[in-house]
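Enquirer: What follows is a protein structure lacking sequence information:
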């Protein structure tokens, strides 16, 4: 996993095992979840939606947990307009509804869902994957103390050559209809035309935040239903649109997978420690978040993606399970 030295920049798992950009790989494994059309869309536009990735009951129980975890009442909006518990080093995600919960069993159940795993196998064209230990989102209307303009950024540093190879995923827990509820937004135009677009940009441009002047109409807000998993390339400019509704709430869980790196002992031990101690992973995005509520995050049971014996040494999601 690559870690940014500047914690004001987001960073997510990348892989040195893959050297060909995911938009250019030739499939060697048969598709499990994606159709040929889905895979072509993924490679061209930088994202793909997997419908009904997890069961409905998984969605409902995680929603209830997030409300409880955040000490907010879904039926009482007076409990929603509260100051976030801490400020983030990554400034744009302030008041975007991030929930610092990482290791509750309900999160792990979704990470280990077979359809979720199979979708990432399709994306990476390999079975030997680690799952990222990521958080959730509960974004009530962005007004009052929770005002937020929304944002567009890249997870990856787009000035690097070769470009980082990484993906992320968003599991929607509610109906995100592309309207005033906000939620995930992206700019596929920049993914498709980056090489041409970047030639028009000045030297020293912000390699994590595109200048959207003149291309504001290229921002797309996707429609996601409860249980849908949207996977996107980290070279896709994206962000969270503000929730401007009167009383609707956007909720999601962030899920991603990346090639396992058994030889990286430091990363392996950090993952085990996060799981065992119920700690937030120390990345630029989370900044090693520790809040009093995080202590309520429960340990997980020993299970695999298929529900049979979880390898706690590696926190591994793989085609073949390896027993401790």
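Expert: Happy to help now that I have it. Just so it is clear, the model here is predicted, and its values are computed rather than measured.
Enquirer: check contacts around the closest residue to residue 95 other than its chain neighbours.
Expert: In space, and not counting its chain neighbours, residue 95 is closest to residue 148: 3.9 Å by C-beta to C-beta, 6 or more residues apart in numbering. All C-beta atoms are positioned from the backbone trio N, CA, C, and that covers glycine. Neighbouring residues of residue 148 by C-beta atoms under 8 Å, 6 or more residues apart in numbering: 94, 95, 96, 142, 240, 242.
Enquirer: Among these, which pair sits farthest apart?
Expert: 94 and 242 (12.0 Å; C-beta to C-beta).
Enquirer: In terms of neighbours, single out the busier of those two.
Expert: residue 242 (24 against 16; other C-beta atoms under 10 Å).
Enquirer: my guess is that one contacts residue 152, does it?
Expert: No. Between residue 242 and residue 152 there is no contact under C-beta atoms under 8 Å: 11.9 Å.
Enquirer: What about residue 29, how many residues nearby?
Expert: Using other C-beta under 10 Å, residue 29 has 12 neighbouring residues.
Enquirer: so is it in a helix, a strand, or just coil?
Expert: coil (DSSP: H, G, I helix; E, B strand; the rest coil).
Enquirer: rewinding a little: could the contacts of residue 148 be laid out in CSV, adding secondary structure?
Expert: Listed next are those as CSV, based on three-state DSSP:
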residue, secondary structure
94, coil
95, coil
96, coil
142, coil
240, strand
242, coil
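Enquirer: of those residues, closest to residue 160?
Expert: residue 240 (24.0 Å).
Enquirer: Go ahead and flag the most central residue of the chain.
Expert: With distances taken as C-alpha atoms, centre = their mean, residue 254 lies nearest the centre of the chain, 3.6 Å away.
Enquirer: which residues touch that residue?
Expert: 132, 134, 135, 136, 137, 168, 169, 170, 171.
Enquirer: same thing with residue 168?
Expert: Neighbours of residue 168 in contact, by C-beta under 8 Å, 6+ apart: 12, 132, 155, 231, 232, 234, 254, 256.
Enquirer: From residue 253, how far off is the second one?
Expert: Meaning residue 132. 11 Å (C-beta to C-beta, to the nearest Å).
Enquirer: Residue 123: what secondary structure?
Expert: Under three-state DSSP, residue 123 comes out as helix.
Enquirer: Spit out the contact partners of it.
Expert: Applying C-beta under 8 Å, 6+ apart to residue 123 gives the contacts 22, 34, 42, 48, 167, 231.
Enquirer: okay if I get these as JSON lines plus neighbour count, distance to residue 127 and pLDDT?
Expert: As requested, the contacts of residue 123 are arranged in JSON lines below (neighbours: other C-beta atoms under 10 Å; distance: C-beta to C-beta, whole Å; pLDDT from 0 to 100):
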{"residue": "22", "neighbour count": "19", "distance to residue 127": "16", "pLDDT": "96"}
{"residue": "34", "neighbour count": "21", "distance to residue 127": "15", "pLDDT": "98"}
{"residue": "42", "neighbour count": "22", "distance to residue 127": "18", "pLDDT": "98"}
{"residue": "48", "neighbour count": "25", "distance to residue 127": "19", "pLDDT": "98"}
{"residue": "167", "neighbour count": "27", "distance to residue 127": "15", "pLDDT": "96"}
{"residue": "231", "neighbour count": "25", "distance to residue 127": "16", "pLDDT": "98"}
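Enquirer: and these, which of them are in helices?
Expert: residue 42 (DSSP state H).
Enquirer: Between the contacts of residue 123, which sits nearest residue 80?
Expert: Distance to residue 80 across the contacts of residue 123 (C-beta to C-beta) is lowest for residue 231, with 29.4 Å.
Enquirer: Tell me if I'm right that residue 205 and residue 211 touch.
Expert: Yes. In this structure, residue 205 is within contact of residue 211 by C-beta under 8 Å, at 7.0 Å.
Enquirer: Of the contacts of residue 148, just say which sits nearest to residue 191.
Expert: Nearest to residue 191 among the contacts of residue 148, with distances taken as C-beta to C-beta, is residue 240, at 17.7 Å.
Enquirer: Not counting sequence-adjacent ones, nearest residue to that closest one?
Expert: Nearest one to residue 240, counting by C-beta to C-beta, 6+ apart, is residue 96 at 4.7 Å.
Enquirer: for residue 248, same thing?
Expert: residue 181 (4.5 Å).
Enquirer: and that neighbour, what helix or strand is that in?
Expert: In the assignment (DSSP states H and E), residue 181 maps to no helix and no strand.
Enquirer: Now do it, the pLDDT please.
Expert: Predicted confidence (pLDDT) for residue 181: 95.
Enquirer: all numbers from here: first residue = 755
Expert: From this message on, residue numbering opens at 755, which makes the last subject residue 935.
Enquirer: can you pull the contacts of it?
Expert: Counting by C-beta under 8 Å, 6+ apart, residue 935 has contacts 928, 929, 997, 999, 1002, 1003, 1004.
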